[in-house]
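In: sequence plus the predicted model coming up.
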6 protein chains.
Amino acid sequence: MTKNGRTAIDQSVVDSAQVANLLIEALPYIQKFAGKTVVVKYGGNAIAGANSDDTLAAFAQDIALLHAVGFKPVVVHGGGPQISTMMERLGKKPTFHNGLRVTDAETMEIVSMVLLGTVNPQLVSAINQHGAPAVGVSGQDANMFIAAPHDAALGFVGEITKVDATIVKKMLAESQVPVVATLGTDSTGQAYNINADTAAGALAEALGAQKLIYMTDIAGVRSNKDDANSLLRQATTLQLRALLGSGAVDGGMIPKIESCVAAIERGVYQAHILDGRIAHVLLLELFTDAGVGTMVSRG
Amino acid sequence: MTKNGRTAIDQSVVDSAQVANLLIEALPYIQKFAGKTVVVKYGGNAIAGANSDDTLAAFAQDIALLHAVGFKPVVVHGGGPQISTMMERLGKKPTFHNGLRVTDAETMEIVSMVLLGTVNPQLVSAINQHGAPAVGVSGQDANMFIAAPHDAALGFVGEITKVDATIVKKMLAESQVPVVATLGTDSTGQAYNINADTAAGALAEALGAQKLIYMTDIAGVRSNKDDANSLLRQATTLQLRALLGSGAVDGGMIPKIESCVAAIERGVYQAHILDGRIAHVLLLELFTDAGVGTMVSRG
Amino acid sequence: MTKNGRTAIDQSVVDSAQVANLLIEALPYIQKFAGKTVVVKYGGNAIAGANSDDTLAAFAQDIALLHAVGFKPVVVHGGGPQISTMMERLGKKPTFHNGLRVTDAETMEIVSMVLLGTVNPQLVSAINQHGAPAVGVSGQDANMFIAAPHDAALGFVGEITKVDATIVKKMLAESQVPVVATLGTDSTGQAYNINADTAAGALAEALGAQKLIYMTDIAGVRSNKDDANSLLRQATTLQLRALLGSGAVDGGMIPKIESCVAAIERGVYQAHILDGRIAHVLLLELFTDAGVGTMVSRG
Amino acid sequence: MTKNGRTAIDQSVVDSAQVANLLIEALPYIQKFAGKTVVVKYGGNAIAGANSDDTLAAFAQDIALLHAVGFKPVVVHGGGPQISTMMERLGKKPTFHNGLRVTDAETMEIVSMVLLGTVNPQLVSAINQHGAPAVGVSGQDANMFIAAPHDAALGFVGEITKVDATIVKKMLAESQVPVVATLGTDSTGQAYNINADTAAGALAEALGAQKLIYMTDIAGVRSNKDDANSLLRQATTLQLRALLGSGAVDGGMIPKIESCVAAIERGVYQAHILDGRIAHVLLLELFTDAGVGTMVSRG
Amino acid sequence: MTKNGRTAIDQSVVDSAQVANLLIEALPYIQKFAGKTVVVKYGGNAIAGANSDDTLAAFAQDIALLHAVGFKPVVVHGGGPQISTMMERLGKKPTFHNGLRVTDAETMEIVSMVLLGTVNPQLVSAINQHGAPAVGVSGQDANMFIAAPHDAALGFVGEITKVDATIVKKMLAESQVPVVATLGTDSTGQAYNINADTAAGALAEALGAQKLIYMTDIAGVRSNKDDANSLLRQATTLQLRALLGSGAVDGGMIPKIESCVAAIERGVYQAHILDGRIAHVLLLELFTDAGVGTMVSRG
Amino acid sequence: MTKNGRTAIDQSVVDSAQVANLLIEALPYIQKFAGKTVVVKYGGNAIAGANSDDTLAAFAQDIALLHAVGFKPVVVHGGGPQISTMMERLGKKPTFHNGLRVTDAETMEIVSMVLLGTVNPQLVSAINQHGAPAVGVSGQDANMFIAAPHDAALGFVGEITKVDATIVKKMLAESQVPVVATLGTDSTGQAYNINADTAAGALAEALGAQKLIYMTDIAGVRSNKDDANSLLRQATTLQLRALLGSGAVDGGMIPKIESCVAAIERGVYQAHILDGRIAHVLLLELFTDAGVGTMVSRG
């Protein structure tokens, strides 16, 4: 009863009905989003944590399935924990300012090494293993992310000033799965460290993506950050703007929510904030009627 | 918990895992057959019988799903029971010779009316209802099936002498789902009544199809026609040739088995004989590791 | 002196000059309409009447010639007489309300059978015989004609609410000759019986056709319905609107004239009302300077 | 009763039938040769003679009609009489050797001027006037005809050593009508005077043309050069080879017949030798069952 | 040390640096103008003068280099001196009116012969010799230049009333180098003699060319026609308009300057007036930082 | 006298002639190799050394010029010195076995980080700075280099078993400049460290490249490794095979020479071994008649 063989024992018709119904439940979603671009931000935490191999494999399968049924997934990633680890191995202490990594020239080199040389190939390799033609790409390639310094105190932390998504569009046209490391560049060729949440939103906007999805390590957006029962299954941009104004949102969620709201206001159709710790959470959110995270729509 | 809404109640993670696993089980099959042509012979019995609406709807959903995930399904149909009913309504008694309908000029007109005017639009409409762009096509269109008389005693029962699948290929290139009524024509424009099992095989061969699937009203091929436990889940063309020679095959199965063997020998990759009475049998056979009918491969 | 042979006897130069001049007279019309779409409404009467075989063959030759010289003909047909005949054979009495056929469920099934199973394949086969690749298509295919009930008293007589001509455009792009049976469908898949005159006009408009041509059994439009000498060889939409207002038009001509006027007002370049009883009337109207029917232009 | 107007007087139905029948007679030829390349050699005599304006206009109409109905005509021309006239105006006496013009450097310059500056634009302009997009091209353009000296005594009379028909193929792909002046060039850029009969055959061969047609000032090939009644309406390559061997052929016809035979032996489907003095002889030969000249086929 | 061989003696590194630097200096210009259309007006004087072979060869190399590095050059030429010479050889005295040649019917024939039969093939052949696929084209081909009489006193001197650059665009799309003889035509097919300076400007405008370049026999535009030191290396359209108003411009320069200004005002990016007597002046102007003639920009 | 400005002082005509002649000398090479693929192996030494910024900038300019004139350059790089440095910074001692780096799992991670995160983006950024759209790509992307262990003692040092150059071909078709880091992968997704000299040869072969170029830190191939005067300017594969057999070749040159010979024997047209220390050595070798390194041809 493996992919390669067949057993002589018939599957019970009762079970069969369940199998078929689940596939049929997915049908309208497959039809609706066929040919549409879906930008998925995948955090460095997920790869760095315990069980990271299983989590990564399940994520790669999900991306491969989206690709197989005709979606155009784009993966965007950072690599915070891995960068800190490498800095420490090289005897350098990570320091942060307002939640952003202070990035001197040496740190910038480490950021580049870790994102392009460690995290990106891990993702590319995992997705390739499941049959989708993933290709790594840096935000510096073909001047995709043009950046300016965010704050003098932060060194080479960049703010995106312009996105040229041509290269990603060409990859999508070739049925490839782009895996984007969030580095930027300025007109002199200087590299910048770009926040991956923000970059994902900016890229989704430049691509005219249908969906922007954040894989996080929380269950979704809560209307009250301290109440696990206050999880929002659906939210409008108006609701989220109000929530941001109320101060009820957890700090780490602020850039994600802001990027969702901004992206939808600039043409992305829907955004999702999902719990990356649940195996196959992407499929459950996108292909079942109930869904499992927070879905944000215009309104 | 409908396609259009969302509930606030979380689906249990245990159930989620099952959902996801079933989708992931389908992944390698989706990847393997993406872009491949699958010819499905659908019998008139299925539409004519009790519960025919549900059966037809489930079949149409399956075809729509195959189309949505990137297969190129082609539906081929006859309409024996419906033709007999209409003949009787018009005061004409159906007669058969060696299992084939004696087809005089008036009968030929009724065959054309029923296949093109009743059965074909029913299938086209059902598939369209589930979101795949089905288009009806007659074997006479653009000289698809060129036919010669099969046997003088049978009148306008035709044997296919040449298949020009150009029009079906163009429809597939346009991402349409062709629904083919098995009429043929000769060089004078005379219409012929063509056996749908044979026509499906000949078309699969002309299209270089990956799969040829017969939807029947039995469970599959038995190695002993009288023993329900002798169902073959897999068979090679050599095995089936031997079985045909042994006389152990049920009469109605002979043309299906012969068409399977011939099609595989001329380039079709695999053939399947499935029980059309099981809802969504196409999905269960194509997307699960166990499968439910008889799969025939070269060997 | 056949297509396949040659005689040794020279054709006289005098005759030759006539032959050549007729071909040269056609040249500017061929150049002007090359690549342009021409929608031709062909009535069921023509096929049903005496000499119907000759009439049909001549019509099919004309369509094949239009196709050969680079026009893009689209044939639209109904089948009133054939439907009534079949209803009577099945013991059902045709009834009409305001000139439209009362269409209950059983009648609708007969309409479908006759249009798709009898009339459409006859036209397709005749055109194919003369070398143009005709393909039958129903207004239900790929949701071409979306319809709503016209009048509760008429049952499944439909009024077109939306035309999606994509499938016909694709056929034209493939150099096929679409032959359209005027059935419609609603969002539940229910079939409707559509007036063929109206459908031809709506399709011409959706295709941005250059010409809309009605093949009728009268000589053309008369300014006085009772005076055979009042035939109009040319007319403007303004003139025809005035004529419709004056009450001088014969009842059966009203929907044809209204469709001509409406189609031209929505972008069709010219409309023609021709006498389908004259052999090759299409060629005479389109390729000679004098023409033979009524040509309608904007103005 | 002009192209732009219409008369109120009906054309008699009897006449109409003739008109239509002539068009229908042309149908199978139009269908057979649609998209096929037809190389027509047009002699300088025709343009130089009395009534040359009418002859040229009729020829241009014929080419425009071939183009309009989907053929791909290519016109190849020389300009012997015009060259001789210009030489005399410039005080230079034309001299011939074995029927070929002795071509010194100054003569070569005159040949180039006359062919490219007089004859070619006349043909281009006449065809353009009748609605087909003619474009003049020299055999020197893009190295179409590579030539070597034919005979030291003849100076710059060239023999074709290589044909590169790329530029003509591109013009045909753009639906243009190439009008080719038969000059050649060698690898140093030196111009050569090329026999137009031979060049037409070589170009037809390089294009894989369907037909090669010589417009001459005789009625066709005679089996006996002195007997006007011995005109051959059809001939095979074998017959013509025998005829050439018999010495019964008129001197001026030898290169034309040799080119026909050679071209057919290298893949051209049919060749025709026509009397260019008959108005519209091209149409009469190509579109009527009887034809008017000599048609040569393989055999 | 030829193209085909190599010497064993090393080139000194010092020289190498110079070679490389010159190539690198050209890089930004190559990148900036890749794929852009450059219309070059080449005067008949250059070909007619002493050393005309060397001048022509150098010009042809320059055009071939522009083509090789990705520019799309279009050459436009007249042939004044050659026309006058041929008129005299034919015993006809050239006469001028306001600087334009009085062109009666016989002169028009000579103009056509000389431009199409002498000058155009010389240019085509020279460019072909250096590896770029040049193709001659007359302004009459495919109705490129539609003309009306300029002045009754001048006969067939034409003023351009409409430019259809389709044929040149197709040639450029095929990577050919069009060489345009400046003849025009009216709707009756009458040929006209067109001023080449004006024609080049009109064609540049119709092509949306990036650059319009006049090859002249002076060094460039002087702000004072009598002062060789007043050469302008750069000028704006405003400056030139002022200069034209001031009367300080030499007569022969007026049409060139007016065409430059008009072309830039209608969308051409830059115009250049160069000294065609300097070998390879095109390369020096286009590929070096300093340039050598007058460059005109909008402003 | 900058790219952006112009001086009023005329460049002397003498100098101009030199400028132009150098550009014209390059013309035949540009024409010959337009559209052809050129694989350039760039060593890590060049970037790591003193003056590395200038060297890198000159190399990037050369690649940009090749790209601008229509070549299709592909850059392949390793990064030996940089890997050793990073290992030492991380407290790990580089060890070698038969000249190849012993690569345990931790070393493999460092190799990946350095090649993809340091060297590759440096090259991509430098080329982008000079106007050519460079894109980094890893040999693991889309399974470009499939590898197997070279030698158990070496750990994850891989030998290429299969090259899939699809992704590089697509980049070239999009006019991008691929910059390839020589990592490989096996079917489990394990990364391997691949020798860059070998990888460049294998990729050139898979691409059907016209040229394979090694940028080294020596002057070229010597027939006697100890004699600087024995530099070969040209060599055949036969000569080099003999030289390899003679033992006269320097160790470091062996894999380069072997790759050259193998690549030419499998279809690459020419190979070059150049001294990367000479600024713009690529241009001098490719665009001047004399050249500066060793050019290898079949023979």
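Out: Structure's in. What do you need?
In: low-confidence ranges in the stretch 151-299 of chain A?
Out: Counting by pLDDT under 70, the stretch 151-299 of chain A shows no low-confidence range.
In: quick check, central residue of chain A?
Out: The geometric centre of chain A, computed from its C-alpha atoms, lies nearest to residue A:41 (C-alpha atoms, centre = their mean), at 1.1 Å.
In: just the element for it, please.
Out: Element membership for residue A:41, per DSSP states H and E: strand A:37-42.
In: tell me the strands beside that strand, with direction?
Out: Applying DSSP bridges, strand A:37-42 is found paired with strand A:72-77 (parallel), strand A:211-216 (parallel).
In: now the last one: how far from the chain's centre is it?
Out: Spelled out, it's strand A:211-216. 5 Å (C-alpha atoms, centre = their mean, to the nearest Å).
In: got it, and stretch A:117-131?
Out: On C-alpha atoms, centre = their mean, the centre of stretch A:117-131 falls 14 Å from the chain's centre.
In: please, which helix or strand holds the residue lying closest to residue A:280 once chain neighbours are set aside?
Out: In this structure, residue A:280 finds its nearest non-sequential neighbour in residue B:20, 3.3 Å apart by C-beta to C-beta, 6 or more residues apart in numbering or on different chains. All C-beta spots, glycine's among them, are computed from the backbone N, C-alpha and C. Secondary structure assignment for residue B:20, by DSSP H and E: helix B:13-33.
In: try residue A:128
Out: Assigned by DSSP H and E, residue A:128 falls in helix A:120-129.
In: is chain B contacted by whichever helix or strand comes after that helix?
Out: Using DSSP H and E, the helix or strand that follows helix A:120-129 in sequence is strand A:134-138. No: applying C-beta under 8 Å from any C-beta of the partner chain, one finds that strand A:134-138 is not in contact with chain B, the shortest distance being 13.6 Å.
In: average pLDDT for strand A:134-138?
Out: The average pLDDT within strand A:134-138 is 93.
In: that strand pairs with which strands?
Out: strand A:177-181 (parallel).
In: export the strand it pairs with to CSV, keeping only CA atoms.
Out: What follows is strand A:177-181, C-alpha atoms only, in CSV (Å, rounded to 0.1, in the frame of the first residue of the first chain):
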residue,chain,number,x,y,z
VAL,A,177,9.2,28.1,-7.3
PRO,A,178,11.3,31.2,-6.3
VAL,A,179,12.8,31.0,-2.8
VAL,A,180,13.7,34.6,-1.9
ALA,A,181,16.4,35.6,0.6
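In: tell me the first helix or strand C-terminal of it.
Out: Next element after strand A:177-181 (DSSP H and E): strand A:183-185.
In: skip ahead from that following strand and say which helix or strand is next.
Out: Next helix or strand after strand A:183-185 toward the C-terminus (DSSP H and E): strand A:191-194.
In: tell me which strands and helices that next one is in contact with?
Out: When contacts are defined as 3 or more C-beta pairs under 8 Å, 6 or more residues apart in numbering or on different chains; DSSP states H and E, strand A:191-194 sits against helix A:105-114, strand A:145-149, strand A:157-163, strand A:183-185.
In: can you list the buried residues in it?
Out: Using 16 or more other C-beta atoms under 10 Å in any protein chain shown as the test for burial, strand A:191-194 gives A:191-194.
In: and which of the residues you listed is nearest to chain F?
Out: The nearest member of the buried residues of strand A:191-194 to chain F, counting by C-beta to the nearest C-beta, is residue A:191 at 6.7 Å.
In: surely that closest one meets residue A:115?
Out: No: counting by C-beta atoms under 8 Å, residue A:191 does not reach residue A:115; the two are 10.2 Å apart.
In: quickly list what's touching both of the two.
Out: residue A:183 (C-beta atoms under 8 Å, 6 or more residues apart in numbering or on different chains).
In: list the contacts of residue A:153.
Out: A:97, A:102.
In: for residue A:209, give its distance to residue A:201.
Out: 10 Å (C-beta to C-beta, to the nearest Å).
In: shared neighbours of these two, which are they?
Out: Joint contacts of residue A:209 and residue A:201 (C-beta under 8 Å, 6+ apart) are residue A:263.
In: neighbour count winner among the two?
Out: residue A:201 (30 against 27; other C-beta atoms under 10 Å in any protein chain shown).
In: ignoring the adjacent residues along the chain, who's closest to the more buried one?
Out: Nearest to residue A:201 is residue A:259, by C-beta to C-beta, 6+ apart, at 3.3 Å.
In: so which bits of the strand or helix carrying that neighbour are buried?
Out: Under DSSP H and E, the secondary-structure element containing residue A:259 is helix A:254-265. For helix A:254-265, the neighbour count (16+ other C-beta under 10 Å) marks A:255-264 as buried.
In: returning to what we had before: give the contact list for the residue nearest to residue A:280.
Out: A:58, A:279-280, A:283-284.
In: tell me which of the residues you listed fall in helices.
Out: Mapping the contacts of residue B:20 onto helices (DSSP state H) picks out A:58, A:283-284.
In: who are the packing partners of the helix or strand containing residue A:200?
Out: Using DSSP H and E, residue A:200 sits in helix A:196-207. When contacts are defined as 3+ C-beta pairs under 8 Å, 6+ apart, helix A:196-207 sits against strand A:37-42, strand A:72-77, strand A:157-163, helix A:166-173, strand A:211-216, helix A:254-265.
In: residue A:181 contacts residue A:141, doesn't it?
Out: No: if you go by C-beta under 8 Å, residue A:181 and residue A:141 don't touch, sitting 9.3 Å apart.
In: the two: who's more crowded?
Out: Neighbour totals were compared for residue A:181 and residue A:141, and residue A:181 leads with 32 against 28 (other C-beta under 10 Å).
In: what number of residues lie near residue A:28?
Out: Applying other C-beta under 10 Å, I find that residue A:28 has 17 neighbouring residues.
In: just the pLDDT at it, thanks.
Out: Looking at residue A:28, its pLDDT reads 82.
In: and the gap between residue A:285 and chain E?
Out: 45 Å (C-beta to the nearest C-beta, to the nearest Å).
In: go on, residue A:173?
Out: In terms of C-beta to the nearest C-beta, residue A:173 sits 21 Å off from chain E.
In: kindly report the same for residue A:24.
Out: 49 Å.
In: what does chain A put close to chain F?
Out: So chain A meets chain F at A:86, A:89-90, A:109, A:112-118, A:120-121, A:124-126, A:128-129, A:133-138, A:140-143, A:167, A:170, A:174, A:176, A:183, A:185, A:188-189, A:191 (C-beta under 8 Å from any C-beta).
In: and the closest residue to chain C within the stretch 151-299 of chain A, how many neighbours does it have?
Out: Distance from chain C to each residue of the stretch 151-299 of chain A (C-beta to the nearest C-beta) is smallest for residue A:289, at 20.9 Å. Applying other C-beta under 10 Å, we find 16 residues neighbouring residue A:289.
In: kindly report the same for residue A:151.
Out: Around residue A:151 there are 12 residues (other C-beta under 10 Å).
In: swap in the one 10 residues further on?
Out: Around residue A:161 sit 12 other residues, with neighbours defined as other C-beta under 10 Å.
In: is it correct that it is in contact with residue A:149?
Out: No: here residue A:161 does not reach residue A:149: they are 10.4 Å apart, not a contact under C-beta under 8 Å.
In: and the gap between the residue nearest to residue A:287 when sequence neighbours are not counted and residue A:33?
Out: Excluding the flanking residues, the one nearest residue A:287 by C-beta to C-beta, 6+ apart is residue A:26, at 4.0 Å. Separation of residue A:26 from residue A:33 (C-beta to C-beta): 11 Å.
In: again, but for residue A:226
Out: 35 Å.
In: now residue A:195
Out: 27 Å.
In: next one: phi and psi at residue A:277?
Out: Main-chain dihedrals, residue A:277, degrees, to the nearest 10: phi -80, psi -20.
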